[in-house]
Every structure is written in structure tokens, then in C-alpha cells.
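Enquirer: quick one, what's the 3D model for this:
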Amino acid sequence: MIKVNDINKSNELNSAKTAKRPGEGPSFSSFLSETMKNNNAPVSGAGNISIADAIFATQMVNGEEEREIRKKLLKRGNQLLDKLEEIRDALLTGYIATDKLIDISRMVKEKQAETSDPKLQEIMAEIELRVEVELAKLTK
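Expert: Predicted structure coming up:
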């Protein structure tokens, strides 16, 4: 069996051989001049930034449009639910005005904006279906 006393001894020898003193080897300016000779092409970083800005701006516009559509759909859904509550309350009192039925019927028939959110579309479809069912019950 071999006993190892100092494992860092070989590392010290290798680092002593590879360590350079200041002033030895090529200078920084020689590397810089070689780089300048080899790279005569103009820098085009600003063009890439403007493309990225354009993409970001487009996404922001699309995001704003989507937010506006969602806001309108949420408002419409809340209005329809409010009208359903009015119908429920009217049914409980025993009298429902025909103008309420006409108003809610008109709201359902209006074309709504489309959104890319499938869950919101599903909720709106359920609300509209419920309104149509209630209207069908009341008009028979």
C-alpha cells in the first residue's frame, strides 16, 4: 500500500511552470490590433435592437387588443347575468315585463368579439345558452 502525504505538491509544480510574469508574452495592444485587422465589418447591433423593439411593440399592441376584447366580453357576460337575475326576480314576484325579455333577447343576438382565451369563450357560450333557454321557456 502506498501512502500519499501531500496531494497538492504536483499542482504547485504545474502552476509554477504555467504562471507568467507581467510583461512576458504578447501584449494586449497586439491582440487588439489583430482583432481590428481581422474584423473590418461594421457593427450592426443597432439594427438588431430595432427589430427586437418592433417585435416587442407588435406584441404589446396585440396584448392591448386582447385585453380590450377580454374586458368587453367580461362586461357583456356580467350584463347578461344581471339580466338573468332580473328575470329570476320577476318570476319570483309573478310578473315579468316584455321589454325585459326583448332587451335580453337583443343582447344575446348581438355579435360578440372573439378572444383567443378558450376558457372565456366557453363561459360566454354557457351564459348565452342559459339566457336562450330561459327566453325559450318564457315565450312558450
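Enquirer: run a quick neighbour tally on Y95.
Expert: 7 (other Cβ atoms under 10 Å). All C-beta spots, glycine's among them, are computed from the backbone N, C-alpha and C.
Enquirer: go on, I127?
Expert: Count around I127 with other Cβ under 10 Å applied: 19.
Enquirer: the one 4 residues further on now?
Expert: A count of neighbours around V131, defined by other Cβ under 10 Å, yields 19.
Enquirer: check what pLDDT it gets.
Expert: V131 is assigned 78 on the pLDDT scale.
Enquirer: R76 reaches M124, doesn't it?
Expert: Yes - using Cβ atoms under 8 Å, R76 is in contact with M124, at 7.3 Å.
Enquirer: what about the helices in this protein?
Expert: Counting by DSSP state H, the segments of the chain that form helices are 9-18, 28-38, 45-93, 98-109, 118-139.
Enquirer: so what touches the fourth one?
Expert: I take that to be helix 98-109. Helix 98-109 is contacted from outside by 76, 79-80, 83-84, 86-87, 90, 128, 131-132, 135, 138-139, using Cβ atoms under 8 Å, 6 or more residues apart in numbering.
Enquirer: low-confidence ranges, this structure, go.
Expert: The chain contains residues with pLDDT under 70 at 1-62, 111-115.
Enquirer: the nearest residue to A90 once chain neighbours are set aside: what's it in contact with?
Expert: Leaving aside its sequence neighbours, A90 sits nearest to I96 (Cβ to Cβ, 6 or more residues apart in numbering; 3.9 Å). Listed by Cβ under 8 Å, 6+ apart, the contact set of I96 reads I87, A90, L138.
Enquirer: just the residues you listed now: which is nearest E110?
Expert: I87 (17.7 Å; Cβ to Cβ).
Enquirer: check contacts around the closest one.
Expert: Applying Cβ under 8 Å, 6+ apart, the residues contacting I87 are I96, K100, L101, I104, E134, L138.
Enquirer: from A125, how far out is it?
Expert: According to Cβ to Cβ, to the nearest Å, I87 and A125 sit 19 Å apart.
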